[in-house]
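Student: I'd like to go over a predicted model; first the sequence, then the structure.
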Amino acid sequence: MSNSKLYKGSLITIILKLLDESDKMYGYEITQKVKKITQGELNITEGALYPALHKLEAQGFLDVEIAKVENRTRKYYKLTEKGNKETSNKLSELEEYIKTMQTFISPKFSLE
Amino acid sequence: MIKLTELEIEKLHVFVKKHYVDFYDVELELVDHLASSIEEKLSNNSEITFEDALEIEFKKFGIMGFSSVVEEKTKHLNRYYRKLVWKAFLEYLKPPKILFLALLVYTFYIVFVAINNKELVVNIIVILLFITPFLLMIFKAKKVKKTKKETNKKWLFDNVIMQLGGIIHFINIGTYTPILFQDNLHWSTTANILFVGSFSIYVMILVISTQIVNPKLAKQFAKQYSDYILK
């Protein structure tokens, strides 16, 4: 993952969120989707993506589907039921984090 | 969109293998990734060759190349394996299975306490426990070798199954033999309980790994990969 170390901690959440929005995705597709959504701002590196996907798979958050596509084999990932729950947890965790950080960045001033 | 030819895909398989990816399940995913990214590169830039695009895309995997992908995947699969063993182990500690287990362990304890020449029995048991996982590993390794010879494929999860998710190193009883082979062991009640308890846990882990988790995992992977042949 490039740009900033701050993104690294959110890689899992990004992957889960993307899979939540589509039926199934393969590794390369995820990298391209992230690039497209963030207009090139965020670049997931291959060296970080696959270990993250394999970790989520081993944790039972992702299911795997192998399909023949043209002249090669493709490995698709999709969320399991457990993965759906984890996505909600991770997203609310991230929202909380953003909210907390916001209070530091732009603290609300009070006249009291 | 430019599509890669069969020959170019084959070149990618060779390339991935050459970069220390022994396992077919990992190889498949990496080949597809490289192929997809190269196709995109070639479509966007007509000046670039297949070889150049491959070099650029490979560099994206970092200085460790594919090895960190294989390493991390092995680590996660091993962890997954041990989690399955632990889950099955806990199942035995719940009724009704625990009743059956308690009866077995208790019977073994009664028989063990009644034995006069304990050192001999213990030594035989320890030797058997040392040999069994070793034999199982050799047996599985032979199967993996046979699969590789017949299909030219080696699967990472076969390797994980063969090493029982890393448990095989833990249950290598050879490490503990110096303690057990001591002379003049005093077989107090505590010692009896300790031996019977450790023996029971050891056997349970071995049985759960080889009889429950291994077939379950093999079936799960065979369902995912149609190329994988259950043996």
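Tutor: Now that the structure is in, tell me what you want to look at. Keep in mind that what you see is a predicted model, and the values were worked out from it rather than measured.

Student: which residues does the residue most central in space within chain B contact?
Tutor: Centroid-nearest residue in chain B: B:V160, 1.7 Å away (criterion: CA atoms, centre = their mean). Contact analysis of B:V160 by CB atoms under 8 Å, 6 or more residues apart in numbering or on different chains lists B:T74, B:L77, B:N78, B:Y81, B:L217. No exception for glycine: its C-beta is placed from N, CA and C like everyone else's.

Student: Disregarding residues adjacent in the polypeptide, which is nearest to it?
Tutor: Take B:V160 and drop its neighbours on the chain: the residue closest to it by CB to CB, 6 or more residues apart in numbering or on different chains is B:L77, 4.6 Å away.

Student: Backbone dihedrals for the one you found, please?
Tutor: phi -70, psi -40 (degrees, to the nearest 10).

Student: same deal with A:L62?
Tutor: Recorded main-chain torsions at A:L62 are phi -120, psi 140, according to degrees, to the nearest 10.

Student: Can you check what pLDDT the model gives residue 45?
Tutor: I'll assume chain A. Per-residue pLDDT puts A:T45 at 85.

Student: not quite, I wanted chain B
Tutor: Model confidence at B:N45, given as pLDDT, is 85.

Student: Can you give me the distance of it to chain A?
Tutor: Using CB to the nearest CB, to the nearest Å, we find B:N45 at a distance of 16 Å from chain A.

Student: Report the separation between that residue and A:Y28.
Tutor: 17 Å (CB to CB, to the nearest Å).

Student: Just give me the neighbour total for B:V26.
Tutor: Other residues near B:V26 number 21, with proximity taken as other CB atoms under 10 Å in any protein chain shown.

Student: who's in contact with it?
Tutor: For B:V26, the contacting residues are B:F66, B:V69, B:V70, B:K73, B:L156, taking CB under 8 Å, 6+ apart as the criterion.

Student: mind redoing it with 10 Å?
Tutor: B:V26 sits next to A:Y50, A:H54, A:K75, B:V16, B:F66, B:V69, B:V70, B:K73, B:T74, B:W155, B:L156 when contact means CB atoms under 10 Å, 6 or more residues apart in numbering or on different chains.

Student: Any of these buried? List them.
Tutor: Neighbour-count burial (16 or more other CB atoms under 10 Å in any protein chain shown) applied to the contacts of B:V26 gives A:Y50, A:H54, A:K75, B:V16, B:F66, B:V69, B:V70, B:K73, B:T74, B:W155, B:L156.

Student: what's the helix or strand for B:V160?
Tutor: Using DSSP states H and E, B:V160 maps to helix B:156-162.

Student: Pull out the buried residues from whichever helix or strand comes after that helix.
Tutor: Later in the chain than helix B:156-162, the nearest helix or strand by DSSP H and E is helix B:167-170. For helix B:167-170, a neighbour-count test (16+ other CB under 10 Å) marks B:I167, B:I168 as buried.

Student: how far away is the residue nearest to the centre of chain B from chain A?
Tutor: B:V160 is 10 Å from chain A, by CB to the nearest CB.

Student: Please report how far that residue lies from B:S188.
Tutor: Counting by CB to CB, the gap from B:V160 to B:S188 is 40 Å.

Student: which SSE is A:K78 in?
Tutor: A:K78 belongs to strand A:72-79 when assigned by DSSP H and E.

Student: neighbouring strands for that strand, and are they parallel or not?
Tutor: In the sheet containing strand A:72-79, its partner strands are strand A:25-26 (antiparallel), strand A:62-69 (antiparallel), by DSSP bridges.

Student: Quick one: mean pLDDT for whichever helix or strand comes after the shortest one?
Tutor: Meaning strand A:25-26. On the C-terminal side of strand A:25-26, the nearest following helix or strand under DSSP H and E is helix A:27-37. Taken as a whole, helix A:27-37 has an average pLDDT of 92.

Student: How about helix A:27-37 and chain B, touching?
Tutor: Yes: judged by CB under 10 Å from any CB of the partner chain, helix A:27-37 and chain B are in contact via A:G27, A:Y28, A:E29, A:T31, A:Q32.

Student: Run through the residues that contact B:E40.
Tutor: For B:E40, the contacting residues are A:Y28, A:Q32, B:M1, B:I2, B:A53, B:E57, by CB under 10 Å, 6+ apart.

Student: Kindly report the residues of chain A close to chain B.
Tutor: Among all residues of chain A, those adjacent to chain B (criterion: CB under 10 Å from any CB) are A:26-29, A:31-32, A:43, A:45-60, A:63-75.

Student: List only those of the residues you listed flagged as buried.
Tutor: Neighbour-count burial (16+ other CB under 10 Å) applied to the residues of chain A next to chain B gives A:26-29, A:31, A:46-59, A:63-64, A:66, A:72-75.

Student: so which of the contacts of B:V160 comes closest to chain A?
Tutor: Using CB to the nearest CB, the shortest approach to chain A within the contacts of B:V160 belongs to B:L77, at 6.0 Å.

Student: Helices of chain B, residue ranges please.
Tutor: With DSSP state H, the ranges of helices along chain B come out as B:6-18, B:24-44, B:50-59, B:67-91, B:97-114, B:118-151, B:156-162, B:167-170, B:177-180, B:189-207, B:214-224.

Student: Adding distance to A:I37, write those helices out as TSV.
Tutor: Formatted as TSV, the helices of chain B follow (distance: least, CB to CB, whole Å):
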stretch	distance to A:I37
helix B:6-18	28
helix B:24-44	17
helix B:50-59	21
helix B:67-91	24
helix B:97-114	49
helix B:118-151	40
helix B:156-162	32
helix B:167-170	42
helix B:177-180	59
helix B:189-207	46
helix B:214-224	29
